[in-house]
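Colleague: Mind folding the following:
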Amino acid sequence: MTGTSTVLLASISDMPLDLQTLIELVTDDTCGAVAPFLGLVRNHDNNTSVSHLTYEAHPDAAAHLTEVASRVAKQHQGVRIAVTHRVGTLGIGDVAVVAAVASAHRAEAFATVVQLVEDLKADVPIWKHQVFSDGSEEWVGSPG
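Modeller: Numbers count the residues shown, from 1 in each chain. Below is the predicted model of the structure:
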């Protein structure tokens, strides 16, 4: 699979996310590899027990996510990308981010999904409000 890369989905959702849906979206007969990513809410941060968290997105977050996915697609030949980030209150084990990248070969799929997730975390204005089991809380990635 050489040629043009494409972004099939880049979205923000307040509904539960399903990795299989993204895998099916990016897969076609030209693909020999699909590299998935599933980001889950963990029960700790910096040795402190997490109760739950809430993701909030800037009103332009979906546009930023589309820009990130498009930029990453341009840097990798012949990849098919789908990515969604969830917003709202999530419990431990809930899915916060799903991404799938398909390509002809595994190396390109792996490299692309890694860059996609790293760039999403760095460049898309989504903020995490963590609530800890002891009642304390913190914002992560907030603009102020």
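Colleague: can you give me the strands for the protein?
Modeller: In the chain, the strands defined using DSSP state E lie at 6-13, 33-40, 44-45, 48-57, 80-86, 88-91, 95-103, 126-132, 137-140.
Colleague: Of the ones you listed, which is nearest L65?
Modeller: Taking CB to CB as the criterion, L65 comes closest to strand 6-13 out of the strands of the chain, the separation being 4.7 Å. In this view, the C-beta of every residue, glycine as well, is placed from N, C-alpha and C.
Colleague: got the strands of the chain as a markdown table, with mean neighbour count, distance to L19 and mean pLDDT columns?
Modeller: Shown next, in a markdown table, are those (neighbours: other CB atoms under 10 Å; distance: least, CB to CB, whole Å; pLDDT from 0 to 100):
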| stretch | mean neighbour count | distance to L19 | mean pLDDT |
| --- | --- | --- | --- |
| strand 6-13 | 18 | 12 | 98 |
| strand 33-40 | 17 | 5 | 98 |
| strand 44-45 | 12 | 23 | 94 |
| strand 48-57 | 17 | 17 | 96 |
| strand 80-86 | 25 | 9 | 98 |
| strand 88-91 | 14 | 15 | 98 |
| strand 95-103 | 25 | 5 | 98 |
| strand 126-132 | 17 | 18 | 96 |
| strand 137-140 | 13 | 23 | 92 |
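Colleague: now those strands in TSV, with distance to L22?
Modeller: Rendered in TSV, the data for those read as follows (distance: least, CB to CB, whole Å):
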stretch	distance to L22
strand 6-13	7
strand 33-40	7
strand 44-45	26
strand 48-57	18
strand 80-86	4
strand 88-91	18
strand 95-103	4
strand 126-132	18
strand 137-140	24
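Colleague: right, so of the ones you listed, which gets closest to V114?
Modeller: Shortest separation from V114 across those is recorded for strand 33-40, at 8.2 Å, computed as CB to CB.
Colleague: No further questions, thank you.
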